[in-house]
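Peer 1: Coordinates for the following, if possible.
(one chain, ligands or ions: 2)
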Amino acid sequence: MNENRSRGELVGNRRFRLEERLGEGGFGEVWRATDTLVSGDVALKFVRADKAGEGAGAALWKEANQSRKLTHPGIARIYDVCEFADEAGFIVMEFVDGEPLSVKRAKQPHGNFAWEEIEALVVQLCDALEYAHGKGVVHRDIKPANMMVTGAGVLKLTDFGLAAPHDSEGARGGSPPYMSPQQLRGMRPTMPDDVYSVGAVIYELLCGKPPFYRGDIDHQIRHQMPEPLAERMADLEMKEQPPPAVAAIVMACLAKEPDRRPAGVAAIREWLNLPQRTAEEMAEAEAASRPEPMNEGVLAGKKPAFIVVGSILGLLVLLAVGYFLFG
Ligand SMILES: Nc1ncnc2c1ncn2[C@@H]1O[C@H](COP(=O)(O)OP(=O)(O)OP(=O)(O)O)[C@@H](O)[C@H]1O
Ligand SMILES: [Mg+2]
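Peer 2: Ligands and ions are numbered 1, 2, ... in the order given. All right, here's what the predicted structure looks like:
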């Protein structure tokens, strides 16, 4: 089976033409490809032969199928799973024209963001997860590398439900620094695991490192209390402390016991007093980030509405911050 792919190659019974290698992760390579049948960009995630071994492969396909029912502007669609004789199996996903948040963070001068810079992304993360959890689907691998951000600041979660269960053969699910103690123990992932990961992700975005990042991370996640965010930031001599409500919810998400964490992602958003975006607003923001299928007139027509909505949201956020500081 060919594992050395090259640009121009046709895969999937000659339906998809490989255009650009986007990267590689735990499962294998990801390519941007052209779907020659319906013409358009897709992302193909190939499953390395050693990862598609007994058990793991079957579990992955099952989960990919489960994730196909998710349609939300904040979630990169999973269109299909393909397996043909003599070809490596792959997942066909929506291609996101953007950059992973992990890369964006690494490019920051001090490797971290101020809360104001990520607040809108956290809202979108909560919205997307709330939708998926409502459909009974847990992400299982929330981390900055699976959070793509488009040029217009729209967040798209990738790899929904694709992390193989921790205890399945041949594959280890999730990414340890962001995994809850329960997920690390190999228990079947549940919604509170995603809540834990949201906490670990915000923690990292604000101070540059996840709660546990060196030494025996597995042991620390299971048995050690994370350093309070404010203390970590002081240790690292980071001056821009987040609002106390933010630090508090982050630490609450990182509770060892699932029932001590916020009850769900909606609770995180409510605690932060963040406005919920409607599906229409999300769709509008998404549309503004996709220049190619839209003609200029449509895009120009969308812009003012987007700016007005953005300004109102900005004003609400300012009022909320003012309330926290002086109220
Ligand atoms: N749907 C997508 N659209 C565009 N680019 C993508 C898409 N999915 C992944 N990528 C790119 O491919 C790279 C590799 O993705 P991949 O999911 O294999 O690795 P990862 O997220 O770092 O690790 P993991 O295997 O744990 O998810 C990403 O960093 C991203 O740049
Ligand atoms: Mg990924």
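Peer 1: can you list the weak-confidence ranges in the stretch 51-200 of the chain?
Peer 2: For the stretch 51-200 of the chain, applying pLDDT under 70 flags the ranges 51-57, 59, 163-174.
Peer 1: mind listing the strands for it?
Peer 2: Per DSSP state E, counting those that start in this stretch, the stretch 51-200 of the chain carries strands over the ranges 78-82, 90-94, 98-100, 147-150, 155-157.
Peer 1: if I look at the nearest residue to R15 once chain neighbours are set aside, how far off is ligand 2?
Peer 2: Nearest residue to R15, sequence neighbours excluded (C-beta to C-beta, 6 or more residues apart in numbering): L37, at 5.5 Å. To be clear about C-beta, it is placed using only N, CA and C from the backbone, and glycine gets the same treatment. Here the criterion is C-beta to the ion, to the nearest Å. By it, L37 lies 25 Å from ligand 2.
Peer 1: name the element L37 belongs to?
Peer 2: Counting by DSSP states H and E, no helix or strand carries L37.
Peer 1: For the longest strand belonging to the chain, what is the distance to the chain centroid?
Peer 2: Counting residues, the longest strand found in the chain (DSSP state E) is strand 16-24. In terms of C-alpha atoms, centre = their mean, to the nearest Å, the centre of strand 16-24 is found 20 Å from the chain centre.
Peer 1: and if you look at stretch 186-205?
Peer 2: Distance of stretch 186-205 from the chain centroid (C-alpha atoms, centre = their mean) equals 11 Å.
Peer 1: Can you point out the buried residues in that stretch?
Peer 2: Buried residues in stretch 186-205, defined by neighbour count with 16 or more other C-beta atoms under 10 Å: 189, 191-205.
Peer 1: Look at the closest residue to ligand 1 within the chain and say how many residues are nearby.
Peer 2: Of all residues in the chain, G25 sits closest to ligand 1, at 2.0 Å by C-beta to the nearest ligand atom. Residues within reach of G25, counting by other C-beta atoms under 10 Å, total 17.
Peer 1: got the contact list for it?
Peer 2: A145 (C-beta atoms under 8 Å, 6 or more residues apart in numbering).
Peer 1: For G136, see how far away it is.
Peer 2: Applying C-beta to C-beta, to the nearest Å, the value for G25 to G136 is 25 Å.
Peer 1: related to what we said a few turns ago, state the distance from the residue of the chain closest to ligand 1 to ligand 2.
Peer 2: 5 Å.
Peer 1: Contacts made by the helix or strand just after the longest strand of the chain with the rest, please.
Peer 2: Once the chain leaves strand 16-24, the next helix or strand it forms, by DSSP H and E, is strand 29-35. Contacts to strand 29-35, defined as C-beta under 8 Å, 6+ apart, come from residues 5, 11, 15-24, 40-46, 92, 95.
Peer 1: I'd like to know which of the residues you listed are buried.
Peer 2: Buried members of these, scored by 16+ other C-beta under 10 Å, are 5, 11, 15-19, 22, 42-46, 92, 95.
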